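>>> Sequence and predicted structure, then a few things I'm wondering about:
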Amino acid sequence: MSNEMNWMRRKFLHVSSLLGAGFLLGDAASAQHEHHQAPKTDKKNGKTAAPERDHQQALRQAKQPPGGYTPVITPDLPKLEYKMENGVKVFNLTAEVVECELMPETHMGPARKINAWGYNGSVPGPMIEVNEGDRVRVVFTNKLPEPTTIHWHGLEIPIEMDGTPYISQPMVEPGGMFIYEFTVNQNGTFFYHSHGAMQEMMGMIGLFVIHPKVPHTPRVDKDYAFVLQEWALLPNNNTPNTLAMEFNWLTMNGKAAPATTPLIIKHGERVRIRLVNLGMDHHPIHLHGAQFYVTGTEGGRIPESAWYPGNTVLVGVAQARDVEFEAKYVGDWMLHCHLPHHMMNQMVSMVGPMMMSHGGGMQTGKGMEEGMGIVRRGHALSDDLGPGFGRGTGMTTQEEKNVSNALGAQAGALYACPMHPEVASDKPGKCPKCGMALVKKQSSGVALTETEKKKVPGYPQDMMMIVDDDVVKPETYGLAPGWTASMMGMMTLVRVLPEDKYNDVMARVKAGKTERPPSMPEHKH
């Protein structure tokens, strides 16, 4: 088809978009898998709520297709189904505002929801899964309040289909439509996304997986895929701050741990995990309990001679990485970003100034205005504009704090008797009651009082919260009580189970059977 005909067709689709909207939206609904829950639209605000998790989704995704490849499983994300029309796989994709839930309501507080932008009621968007050589048609509808396009990241397709605004196509206006059509001649892990920078930060990305004509060897038994994202959310605002340079919510497939759904693997299986990152930060993803090989990038399969082993892979911005490993060791292994601040939820900048022994110092958690030298109060030489550590997300609540979170006021050593904790001294010595030598409390295991804790430099740091009961699902059955205390931020679990336990958990997943774990006492720092 000539370029002129392409442009004429786009113009026709744009002009007739309002007339055809109802028809195409109907097709989009019918194209969803018959078992997938249709997203619900709030009539008051027009936002589409992400569908609730269907615990049998992984089972349906894992069914062996006619092509013989191992289908990709996307925990917590749907797969976009298609219709065949004269040999073409036709997908219906809609950009829209979506209300998502990063973390459900727990006994610690309300659910953490966000107003994001996504596709077909999902953030990230649903996975598109095709085969090398397929002819693909994506009927795209824009239900956002501003123009947008779709870029097919890493795909070698005609320039008219590339999705670069104005360079390769006109913008798709609100209420408008555009048809993307191309043949895929590659295989590997790719993705689609808006080509507007701020729209990307609102969540507009989805996986695009192409299976090879001839399955790769060695063959994998399980194939998983994740999209890594980051969000800057103020405590009382559900809309992400797309201008932020620091982020306090980190997600895998739209969920923050411990709300992420664990991977269920049978001992001895070979596993592939596909990782895609589109944000502001790079993510060193670390797997416990196994060594993997990096076998693919956003450019496709790496020749086997160039594979290299490891247990941590850096997934840079706009990159994809495929890793493969054999599940040799039974256990509930963590898969997580190893950046310390990405292993937390609701991370906020520490308030300052950071305490020194003399009570002063540099402030932490400075905002964008301070970083740019903008005077909002005081004068150009005031302490407010002095040197500071790090960048904030605008959440600091006070300038002074009684307790140090960093360089605390140096306190004298604390000594106590292991047998008589009430006997304490600031100097070494012996217990007058039993004659035992007094030891430092920090190394003796004797509990510190709150007053004593506050004298310890750096206190407090890690504070763990147990919410097992609030995130229970079939895939979490059998996890150790209190497991959620270790799960925050960009994390999930790779559960390698012996055959009997694997069959038990998968039967529960199939039946949607959920059992709450034994209750655990609330942890106090």
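Done, it's in. Residues are numbered from 1 along each chain as shown.
>>> all contacts plus neighbour counts: C-alpha atoms, from now on.
OK.
>>> Would you map out the domains in this protein?
Domain assignment for the chain by automatic domain parsing gives 3-342, 355-392, 411-456.
>>> lowest-confidence stretch among those domains?
Mean pLDDT is lowest for domain 355-392 among these, at a mean of 51.
>>> hey, where'd the strands end up in the stretch 201-350 of the chain?
All strands of the stretch 201-350 of the chain, identified by DSSP state E, counting those that start in this stretch, fall at 205-211, 222-231, 249-252, 263-266, 270-277, 283-287, 292-297, 300-301, 308-310, 312-315, 319-326, 331-337.
>>> Can you tell me which of those is packed in deepest?
Across these, the average number of neighbours (mean count of other Cα atoms under 10 Å) peaks for strand 249-252, which reaches a mean of 28.
>>> quick one on the thing from earlier: tabulate the strands of the stretch 201-350 of the chain (JSON lines), appending distance to residue 452.
Formatted as JSON lines, the strands of the stretch 201-350 of the chain follow (distance: least, Cα to Cα, whole Å):
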{"stretch": "strand 205-211", "distance to residue 452": "49"}
{"stretch": "strand 222-231", "distance to residue 452": "36"}
{"stretch": "strand 249-252", "distance to residue 452": "32"}
{"stretch": "strand 263-266", "distance to residue 452": "43"}
{"stretch": "strand 270-277", "distance to residue 452": "44"}
{"stretch": "strand 283-287", "distance to residue 452": "36"}
{"stretch": "strand 292-297", "distance to residue 452": "45"}
{"stretch": "strand 300-301", "distance to residue 452": "56"}
{"stretch": "strand 308-310", "distance to residue 452": "43"}
{"stretch": "strand 312-315", "distance to residue 452": "39"}
{"stretch": "strand 319-326", "distance to residue 452": "47"}
{"stretch": "strand 331-337", "distance to residue 452": "34"}
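>>> residues in contact with the closest residue to residue 114 other than its chain neighbours?
Nearest non-adjacent residue to residue 114, counting by Cα to Cα, 6 or more residues apart in numbering: residue 238, 4.4 Å away. Residue 238 makes contact with 113, 114, 115, according to Cα atoms under 8 Å, 6 or more residues apart in numbering.
>>> In CSV, list the domains of the chain along with distance to residue 491.
Output for these, formatted as CSV (distance: least, Cα to Cα, whole Å):
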stretch, distance to residue 491
domain 3-342, 4
domain 355-392, 23
domain 411-456, 30
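>>> among those, which is nearest residue 513?
domain 3-342 (9.0 Å; Cα to Cα).
>>> before we move on, the earlier item: from residue 103, how far off is the residue nearest to residue 114?
Look at residue 238 and residue 103: by Cα to Cα, to the nearest Å, they are 13 Å apart.
>>> Now the common contact residues for these two.
Joint contacts of residue 238 and residue 103 (Cα under 8 Å, 6+ apart) are residue 113.
>>> Correct me if wrong, but residue 475 is in a helix.
Yes - remark: residue 475 belongs to a helix, assigned using DSSP: H, G, I helix; E, B strand; the rest coil.
>>> pretty sure it is touching residue 259, no?
No - judged on Cα atoms under 8 Å, residue 475 makes no contact with residue 259 at a distance of 11.2 Å.
>>> More neighbours: which of the two?
Higher neighbour count among residue 475 and residue 259: residue 259, with 27 against 21, using other Cα atoms under 10 Å.
>>> Wait, that one touches residue 105, no?
No - between residue 259 and residue 105 there is no contact under Cα under 8 Å: 10.3 Å.
>>> Next one: residue 292 from residue 327, what distance?
For residue 292, the distance to residue 327 - Cα to Cα - is 10 Å.
>>> Equivalent analysis for residue 248, please.
For residue 248, the distance to residue 327 (Cα to Cα) stands at 32 Å.
>>> How about residue 278?
For residue 278, the distance to residue 327 - Cα to Cα - is 28 Å.
>>> again with residue 494
9 Å.
>>> This structure: helices as residue ranges?
All helices of the chain, identified by DSSP state H, fall at 3-15, 17-31, 57-61, 197-201, 368-371, 441-444, 450-453, 499-511.
>>> hmm, back to that, right, and out of the contacts of residue 238, which lies closest to residue 508?
Closest to residue 508, out of all of the contacts of residue 238 and judged by Cα to Cα, is residue 113, at 27.9 Å.
>>> and residue 485, which of the domains of the chain is closest to it?
Comparison of those against residue 485 by Cα to Cα identifies domain 3-342 as nearest, at 8.5 Å.
>>> Okay, and the beta partners of the residue nearest the centre of the chain?
With distances taken as Cα atoms, centre = their mean, residue 251 lies nearest the centre of the chain, 1.7 Å away. With DSSP bridges applied, residue 251 shows beta-bridge pairing to residue 229.
>>> For residue 93, see how far away the nearest residue to residue 181 once chain neighbours are set aside is.
Nearest non-adjacent residue to residue 181, counting by Cα to Cα, 6+ apart: residue 137, 4.3 Å away. Taking Cα to Cα as the measure, residue 137 falls 10 Å from residue 93.
>>> And those two? Which one has more around it.
residue 93 (26 against 20).
>>> what's the neighbour count on the closest residue to that one other than its chain neighbours?
The shortest distance from residue 93 to any non-neighbouring residue, by Cα to Cα, 6+ apart, is to residue 140 (4.9 Å). Residues lying near residue 140 (other Cα under 10 Å) number 23.
>>> looking at it, residue 140 is touching residue 180, isn't it?
Yes - assessed by Cα under 8 Å, residue 140 is found in contact with residue 180 at 7.4 Å.
>>> before we move on, the earlier item: from the contacts of residue 238, which is closest to residue 85?
Nearest to residue 85 among the contacts of residue 238, with distances taken as Cα to Cα, is residue 115, at 35.0 Å.
>>> any idea how far residue 79 is from the closest one?
21 Å.
>>> and what of residue 464?
In terms of Cα to Cα, residue 464 sits 34 Å off from residue 79.
>>> And residue 435, its phi and psi?
Here is the backbone geometry of residue 435 (degrees, to the nearest 10): phi 90, psi 0.
>>> so how many other residues sit close to it?
Residue 435: 10 surrounding residues under other Cα under 10 Å.
>>> From here on, call the first residue 20.
Will do, 20 is the new start, and the previous item becomes residue 454.
>>> which helices and strands does the lengthiest strand in the chain pack with?
Using DSSP state E to define each element, the chain has its longest strand at strand 107-122. Here strand 107-122 touches helix 36-50, strand 67-68, strand 102-104, strand 131-138, strand 154-161, going by 3 or more Cα pairs under 8 Å, 6 or more residues apart in numbering; DSSP states H and E.
>>> For the third one, which strands pair with it and how are they oriented?
Same thing as strand 102-104. strand 107-122 (antiparallel).
>>> quick one, the strand it pairs with and strand 131-138 angle?
Put simply, strand 107-122 runs at 170 degrees to strand 131-138, going by axes from the mean of the first three to the mean of the last three Cα atoms, to 10 degrees.
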